[in-house]
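> Give me the fold of what follows.
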Amino acid sequence: LGNGALDLLFRSSPAGRVPSGRLPGTALLFPGSLVCGLLARLVHLFFWQGKETESSGRSLLNLVGPLRTRAIRALLSRDPSWVDGQECVLIDYSTTSRVAHMVRDEIRLVAPGLYLGVIWMWRRRVGWFTLRQLQP
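Numbering: from 1, shown residues only. I've put the predicted structure just below:
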């Protein structure tokens, strides 16, 4: 799927419940291009493998690097999306991370157990990702 299709899917999906637990993720860089799948595999192997919520359910940590190091904390809440003003689950780094303070992730439930996320950096949309809610 390209940017337009992902945008339409995001806009037509509900916020869903705030996900919990370990959430395997996939980065979608240059969606719709030939390099998207290769980049997703490289990012997963070396840089980012998803997110894991903390027991309070109000924050999460990213799973970084090949060892899935828990790092880069963010707060979880509901908020109007910058995409369309409708409710989304907000992953907010502005007050919890010096490294990622300029990042805002928004996710919506696009299928059972599957969230589509949009990445904002300095208030500009820069990419997409997915998170899978694992069944207990």
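> Show me what secondary structure element comes after the helix or strand bottoming out on mean pLDDT in the chain.
Within the chain, no helix or strand scores below helix 36-46, which has a mean of 94 by mean pLDDT, DSSP states H and E. Beyond helix 36-46 on the C-terminal side, the first helix or strand identified by DSSP states H and E is strand 48-53.
> Just checking: what are the partner strands of whatever helix or strand comes next after that following strand?
Note on strand 48-53: by DSSP H and E, the next helix or strand toward the C-terminus is strand 59-64. Its sheet considered, strand 59-64 pairs with strand 48-53 (antiparallel), strand 69-80 (antiparallel) by DSSP bridges.
> out of those, nearest to Gly4?
strand 69-80 (21.8 Å; Cβ to Cβ). All C-beta spots, glycine's among them, are computed from the backbone N, C-alpha and C.
> on contacts alone, who are the packing partners of whichever helix or strand comes after the closest one?
Sequence order places strand 87-92 as the next helix or strand after strand 69-80, per DSSP H and E. For strand 87-92, the packing partners by 3 or more Cβ pairs under 8 Å, 6 or more residues apart in numbering; DSSP states H and E come out as strand 69-80, strand 103-111.
> Make TSV out of those strands and add mean neighbour count, mean pLDDT and distance to Gly37.
Listed next are the helices and strands packed on strand 87-92 as TSV, based on neighbours: other Cβ atoms under 10 Å; pLDDT from 0 to 100; distance: least, Cβ to Cβ, whole Å:
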stretch	mean neighbour count	mean pLDDT	distance to Gly37
strand 69-80	15	97	25
strand 103-111	21	98	19
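> Just send the ones you listed back as TSV, with distance to Cys88 too.
TSV is the format used below for these (distance: least, Cβ to Cβ, whole Å):
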stretch	distance to Cys88
strand 69-80	6
strand 103-111	4
